[in-house]
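K.L.:
my questions concern the predicted model and sequence given below.
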8 protein chains.
Amino acid sequence: MNQMELKRLLEKVAAGDVDVTSALLRFRDASEPERSAPSSGGISRSGSPETIRAEGKTAAQIAGTVDTLRSVGQRTVLITRLEPGRAEELRASVPLIYSEMGKIGVAGGMPEKTGFGKIIVVTASSGDMPVAEEAAITAEALGNEVTRLYDLGSAGYLRLLARSAELRSARVIIAVSGMDGSLAGMIGSLTDCPVIAVPTSSGYGASFGGLSALLGMLNSCSDGVSVVNIDNGFGAGYLASRINHLGNE
Amino acid sequence: MNQMELKRLLEKVAAGDVDVTSALLRFRDASEPERSAPSSGGISRSGSPETIRAEGKTAAQIAGTVDTLRSVGQRTVLITRLEPGRAEELRASVPLIYSEMGKIGVAGGMPEKTGFGKIIVVTASSGDMPVAEEAAITAEALGNEVTRLYDLGSAGYLRLLARSAELRSARVIIAVSGMDGSLAGMIGSLTDCPVIAVPTSSGYGASFGGLSALLGMLNSCSDGVSVVNIDNGFGAGYLASRINHLGNE
Amino acid sequence: MNQMELKRLLEKVAAGDVDVTSALLRFRDASEPERSAPSSGGISRSGSPETIRAEGKTAAQIAGTVDTLRSVGQRTVLITRLEPGRAEELRASVPLIYSEMGKIGVAGGMPEKTGFGKIIVVTASSGDMPVAEEAAITAEALGNEVTRLYDLGSAGYLRLLARSAELRSARVIIAVSGMDGSLAGMIGSLTDCPVIAVPTSSGYGASFGGLSALLGMLNSCSDGVSVVNIDNGFGAGYLASRINHLGNE
Amino acid sequence: MNQMELKRLLEKVAAGDVDVTSALLRFRDASEPERSAPSSGGISRSGSPETIRAEGKTAAQIAGTVDTLRSVGQRTVLITRLEPGRAEELRASVPLIYSEMGKIGVAGGMPEKTGFGKIIVVTASSGDMPVAEEAAITAEALGNEVTRLYDLGSAGYLRLLARSAELRSARVIIAVSGMDGSLAGMIGSLTDCPVIAVPTSSGYGASFGGLSALLGMLNSCSDGVSVVNIDNGFGAGYLASRINHLGNE
Amino acid sequence: MNQMELKRLLEKVAAGDVDVTSALLRFRDASEPERSAPSSGGISRSGSPETIRAEGKTAAQIAGTVDTLRSVGQRTVLITRLEPGRAEELRASVPLIYSEMGKIGVAGGMPEKTGFGKIIVVTASSGDMPVAEEAAITAEALGNEVTRLYDLGSAGYLRLLARSAELRSARVIIAVSGMDGSLAGMIGSLTDCPVIAVPTSSGYGASFGGLSALLGMLNSCSDGVSVVNIDNGFGAGYLASRINHLGNE
Amino acid sequence: MNQMELKRLLEKVAAGDVDVTSALLRFRDASEPERSAPSSGGISRSGSPETIRAEGKTAAQIAGTVDTLRSVGQRTVLITRLEPGRAEELRASVPLIYSEMGKIGVAGGMPEKTGFGKIIVVTASSGDMPVAEEAAITAEALGNEVTRLYDLGSAGYLRLLARSAELRSARVIIAVSGMDGSLAGMIGSLTDCPVIAVPTSSGYGASFGGLSALLGMLNSCSDGVSVVNIDNGFGAGYLASRINHLGNE
Amino acid sequence: MNQMELKRLLEKVAAGDVDVTSALLRFRDASEPERSAPSSGGISRSGSPETIRAEGKTAAQIAGTVDTLRSVGQRTVLITRLEPGRAEELRASVPLIYSEMGKIGVAGGMPEKTGFGKIIVVTASSGDMPVAEEAAITAEALGNEVTRLYDLGSAGYLRLLARSAELRSARVIIAVSGMDGSLAGMIGSLTDCPVIAVPTSSGYGASFGGLSALLGMLNSCSDGVSVVNIDNGFGAGYLASRINHLGNE
Amino acid sequence: MNQMELKRLLEKVAAGDVDVTSALLRFRDASEPERSAPSSGGISRSGSPETIRAEGKTAAQIAGTVDTLRSVGQRTVLITRLEPGRAEELRASVPLIYSEMGKIGVAGGMPEKTGFGKIIVVTASSGDMPVAEEAAITAEALGNEVTRLYDLGSAGYLRLLARSAELRSARVIIAVSGMDGSLAGMIGSLTDCPVIAVPTSSGYGASFGGLSALLGMLNSCSDGVSVVNIDNGFGAGYLASRINHLGNE
């Protein structure tokens, strides 16, 4: 339900055409496209984008939801936490762009780019790639141009520094890192754009499942950095897209 | 040092006019306005805005730095962690807009609004106000229009819901909350703009110094929310300003 | 052993008819129906209801205990932590109402409703359903009317708000949620009845096995909320039943 | 705003007499008696009882709020976190029942008893008394009969056992304890009524500010026990009152 | 090496018959019977009793060590962390008393009772039995009379109270419990003898792998209680035996 | 109430001479000498020795309790957590052996030695002395011979090794240490007697208020070591005394 | 890229022969030998030695990288986190010195000894051996003489003391230990050389995955001890080699 | 006691000239110069350098120890944890080099430089200076040349990079940092020498008293970094000196 529809509905309530209970039910239906009700296409409201979390669902269930969404005009559907086996099954009925690394699929093809600038996804080391791919493909499926700069955490960030100019060309940067999480602070100090930090659970020992990276990122000396949940690539891609769609108006 | 100056310096190095060491030293000077070198006025580069952290400094030291900065053309200087007593002393030599609540002062007057939209700062309860004021005044001092909506966390968020339309008029929202930190998730689900969550250490018992709010915010069900350090109002205001200055280009 | 029996036994001790040691042994036997001694049917004393925890027991052992309990007049027996395979085996000898989702079975049929009101079990997301089902079936097996309202945590709690009237019809509410646990506080502020919060271990990353939800629930701004152990659906159902059986007398 | 008023307001919205925005604003006002709007007296809605948290308020501010509340018909006003000095000041203008131990005051006199049964507040040791008094006086100010049984945690709970019969006469029990928190489990196993456990921060060493008691209470072997935040006496008294006012209807 | 032998060796060093290096090497050999050197039978020195930790060893390796130890006169050998499969293999060459519950075996038969009193091992619930059996068999293999009182944690410790007299007949008590660990404090307050508390990792949720029981036991209100590592049944049995062999001299 | 009195009372109940309620009340009174009831002198029952915890009591209150206890025949009274100022006041009416270091006083003079052996109290460094003194004086006031060996943790435990023979002359050892807590394990491996480890909060940085020492002591490689709460010198002294009074019978 | 090459490159930049971007790219390539670019043999720069982390790579990928490195003159290549199965596959094409215990392989043969002294690797118990072997072989592959002293943690460190002279012959010592981590402090106090402590996750219960050893080592009373990450044998071996290659110049 | 003296003593024991007990006592005395026994001047043995920890000592006590040490030939004495007030008192009798920032004093004048290279102490921000000064002065008092590079953590480490050449001239680097601790990893990757990381407790919020910096440093991607306790400047300076005195022999 977009802002226009919302306003219209509220006016109907005020006018007595719709009672409060029904209005609330429409709110609910509108914000749950994947469950039952068709939305009228276009960009869906925040909080519940056209995203299906595949965990605990059969290929048939996922395909059904995709069909319903597409039948009401939704072009692109994002499917997260999608294991390779299930993706294979799903492909029988739904054409799919699929990343095994990010365990994420896109049905209906990638949309055209509607964001105002470029999102850059950076990782510190190879163990951070699954989370980074989830972030990158999420952002692409939401209409953003995405550049990947992976594995820049080693050798005293010299590789990162060599990419400073490229980093400065981003409108938003997603910094994905386990270990000490210092990648995010480094990027924050080299650039002027918002930096979304994603701690990953990819370390060992005293990384304590990502806690070390999380604390490091929260304590970064650089301003302009904020943090999402450990391993939450989807959330970072989603937030980056929100920021990248902010216009001048 | 802005992008243009940077490029010019690098070209000089490539041309052999400036050696690497000198180039690096200029980088350093350019990024440390408050220590020695004058900047050319206007908006300074990220990472080190015209901000002085008053903690551990005498009023004389602060006044000195303000003078230096202003003498080279800097109009507005932000002074954080400024205790009331020191603010009083400082006022003798530096005209000051000062918030005792947020322990933050602004020398040189507030700048005109240069951000594209409005930043709204929301708190859950009265204990969150000091952190919220630090965020709000930081954002104002960086050229943003700021609306404060305080104390919306009680009564099942009914007051928050009543302000939904207003919240949706923001370009960025800063959600400041101790306790369970659920304010941020609520706002995230009611709006489409980026939400910067600031956990505060204002609770007691099992809030464990803000840990409870921090974890709650990181685990929020709503997308579009990211988190800064506990009690880091300055960081939230700074990041919100970064986002609010993103134009279409 | 009910209050009447207890009083009678104590009078016998006072009268010298029964010595202290024997009295204590009778206490023990009376409070352990599942182990050896028959109780006289009806509602058993607190602490050890007619519940069998199936973990680490064979189907034969469980069936034996059910038989003993039923032979002394116990109609309904609750079996928790019952894996599907074992439930299948058990069915050969014991007719069973079984929930694979909640891993809980009921032998002897559901009792009639003896509670004074309705218990509503609410979840935030689909990952909370196993714990919710354990709570719901426990409450039903203890003689309560139960309504399930699942998956109300998304979309800014709009679906939850749409059910406000229904929530207010409850005498007790069980709020089951992982992530930030904010469901419980929301319900607490919308209703006047006691809310029993059950944190679940269903999240990932910084949910730290349910710790985030637990702390969030303990720090809820709403009064009227109390918390049981992570994933303790049985405990919540049991406590809700206790409250729902409190009469006016 | 009571249920009747609420329904009437909603009907007006449905009839077009009141628009949504105004309706929401009335909700807000109704649920915030202490800030501006008068309520019509009687029992206020949950979430915001006639309670003033004195922390950070002057005696004059508190007195003003009390006056406003009483002027609109509110008889009893509870004032928590009220330090002795401020209580003394407050007494000049507001007659007060005050407990220095519990740092809690009651203006307007205690109400008559409206709960259906008795609430018993139990402590393990003398260090738990401040929290217990906050709970007890809260419950009394909400119209409940309260019995205090203090210091029953020592000597192997023999003193507690000696009070078993008395404990069984309660409709709700509040168990207040630091250290290992085992008091709550003991009471839970001796009684059939709901037990609200309040961990306190009164221990030392590995009690880690109440964490030890909190975990102990959550892991209690006894069913029927639920837990509120560390040192949250007010919350326990409030919840106990809610349960004690549940009638048969 | 017993005290007599030690003294003799030291005299030899003082007399120049043995050099320091050799003396130190003899110390080493004497304290490592299972590795290479024969001890003269009887009770071995503390720290390294005739115990083999089976983890990571083949049946052949274990049998070899048992043989070596027995060939030099050691009658009883304790084998901890012994999985059922390996125990079966071992039996082919070494006659074994084996407890699958406690994963512990005794070669060479149980010794005669040399302790001065009785050690009682108590558990709170059935999940604590593996740790309790490790403790009990360790104590028996070290020459102590052991009584097992299992599953006394339920029903408000009424079963425990019924055994008070028996508990008071112990010289040392080992209290094994997960959950809130309150069993140890209860026993400590009912008896006068030393109580060794063993937290177990048998709970779930907020028991956090035994942390809850550990903290509970450390914070017990009862004096006379001390704690060993989580799940350390062997350590408790060993310490209990030390205490039980303390004579009047 | 000693064992003989207890047995007699129970026989009276069995005989009908005393009812259960009265019996329970006598239990209570007997176990609370400091509150009201006189005990018959001699060694009091465990759990509540003739100890007064001074925290939060006035000198007059303490003196009153001492008088009551002494009037019914109690010779020695231990007063813990006694600040120097209060000790000074107390001395006006009660002759006192007082240790400012251990904040512990003894009224009525030290008793004769009734333990069978010697208790040795060892510390690692000077910061551990307050806790050690609390332990040592507690043990002395309970009738034990105590030897202090302080500051043996430095220089690779060479000083400790030099005292090996003396350590082996103890019947019980109390090892008091902050930092890494390794003192306890060292002593455990050098001796055959029970070792009671007391972690202290005396370190800084990653000692986290004694947590480091606590975990180190629990994980000690040496058997024969058990642990009490952080800074719990009294508990260690009390337990050591219990063990030292175990005779052959 | 060695220091000489670095200086030369920087001079070329200063001279205008190489532009900044190209210089930075050469930095990058030079510091990533395993990815694409050949280094000129000899000792590689810090941060990225000729080490391949096998985790997540196929035998073919590893072999390819080894070939590339050796084709440009690198003699010895270290392969860490190499599982036995993969090592077996790898051997088909790459001659390998392999340690199953340390899961580490060396291609190209061990280099000659270039370090100035001897590195000694010490373990407390057998569970620490995998980490110790990773450390020892890393140090050997970097040109150091290594002595292994394993299993010296038991029996009160008497075995360790017996080896004091040998320990003092080391230039650097690596102390590998789980449990309480006290091994490192003991060694630190017996010797004058730097001690690198490696906590291991080999314990159980309250060792909490190596946290106990980590805290113990950080709190060691001995100076001269520093700590690396839990289970980080490679890092310890690498640092020890750095120190052992420090000459007089 | 140096190595030569040690060997001679052991030969005497072997020859029967000194008995074991006396030998051990000499060990003890030799390693405790500050307590009683004179050392023969020169560099003292590790573990207990000529250092006095002033905490809890009077100026007179400190002066006495200094005198004793100097009377036996010790030239330089280091006094740590020395508050300004006490330093002032001390100066009356002992000439002192004193740093108020590092709360550390040196009696007897700084020694000549005996280390082979230079130690560089780096800090991230001004809050880290007290710990850095403790480290720097400790190293100087132990005969090392020390360079201080403070406040290099801001502005994306550009200032640090500008000092790369200088950093590479160090033989050992001490990296002192709170917040995320990333300074240490940055330095580790820019240099080849050993880096000793000192986390500080200087942050706020989620820095949790230095825990964040500690974890960040342990998880640093750079090899060559090891960590000492939070705020342990002395330990870092001491270890750096040990490494800097390692010669070629």
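P.N.:
Yep, that arrived.
K.L.:
the residue of chain A found nearest chain F: how many residues sit nearby?
P.N.:
The shortest separation between chain A and chain F is 11.3 Å, found at A:Ala206 (distances taken as CB to the nearest CB). (C-beta placed from N, C-alpha, C; glycine too.) Per other CB atoms under 10 Å in any protein chain shown, the neighbour tally for A:Ala206 reads 28.
K.L.:
my read is that A:Arg91 contacts A:Ile97, right?
P.N.:
No - A:Arg91 lies out of contact with A:Ile97 (CB atoms under 8 Å); the separation is 10.4 Å.
K.L.:
poorly predicted segments of chain A, please.
P.N.:
Low-confidence segments of chain A, defined by pLDDT under 70: A:1-49, A:154-156, A:249.
K.L.:
could you list the domains of it?
P.N.:
Annotated domains of chain A cover A:51-100, A:118-244 [automatic domain parsing].
K.L.:
which stretches of chain A form strands?
P.N.:
Secondary structure of chain A by DSSP state E: the strands cover A:51-53, A:77-80, A:96-99, A:104-107, A:118-123, A:145-149, A:172-177, A:195-199, A:225-227.
K.L.:
export the ones you listed as TSV, with columns for mean neighbour count and distance to chain F.
P.N.:
Below are these laid out as TSV (neighbours: other CB atoms under 10 Å in any protein chain shown; distance: least, CB to the nearest CB, whole Å):
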stretch	mean neighbour count	distance to chain F
strand A:51-53	19	38
strand A:77-80	24	38
strand A:96-99	17	41
strand A:104-107	26	40
strand A:118-123	27	30
strand A:145-149	18	35
strand A:172-177	31	24
strand A:195-199	33	22
strand A:225-227	30	24
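K.L.:
could those go into JSON lines alongside distance to chain H?
P.N.:
Listed next are the strands of chain A as JSON lines, based on distance: least, CB to the nearest CB, whole Å:
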{"stretch": "strand A:51-53", "distance to chain H": "28"}
{"stretch": "strand A:77-80", "distance to chain H": "27"}
{"stretch": "strand A:96-99", "distance to chain H": "25"}
{"stretch": "strand A:104-107", "distance to chain H": "26"}
{"stretch": "strand A:118-123", "distance to chain H": "12"}
{"stretch": "strand A:145-149", "distance to chain H": "16"}
{"stretch": "strand A:172-177", "distance to chain H": "9"}
{"stretch": "strand A:195-199", "distance to chain H": "11"}
{"stretch": "strand A:225-227", "distance to chain H": "10"}
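K.L.:
out of those strands, which gets nearest to C:Gln74?
P.N.:
C:Gln74 sits nearest to strand A:51-53 of all those, at 42.9 Å, using CB to CB.
K.L.:
how about the closest one, does it get close to chain C?
P.N.:
No - counting by CB under 8 Å from any CB of the partner chain, chain C has no neighbours in strand A:51-53; the shortest distance is 8.7 Å.
K.L.:
so who does the closest residue to the residue of chain A closest to chain F other than its chain neighbours touch?
P.N.:
What sits nearest to A:Ala206 in space, not counting adjacent residues and going by CB to CB, 6 or more residues apart in numbering or on different chains, is H:Leu218, at 4.4 Å. With contact taken as CB atoms under 8 Å, 6 or more residues apart in numbering or on different chains, H:Leu218 is in contact with A:Gly205, A:Ala206, A:Ser212, G:Leu214, G:Val227, G:Val228, G:Asn229, G:Ile230, H:Val227.
K.L.:
right, I'll leave it there.
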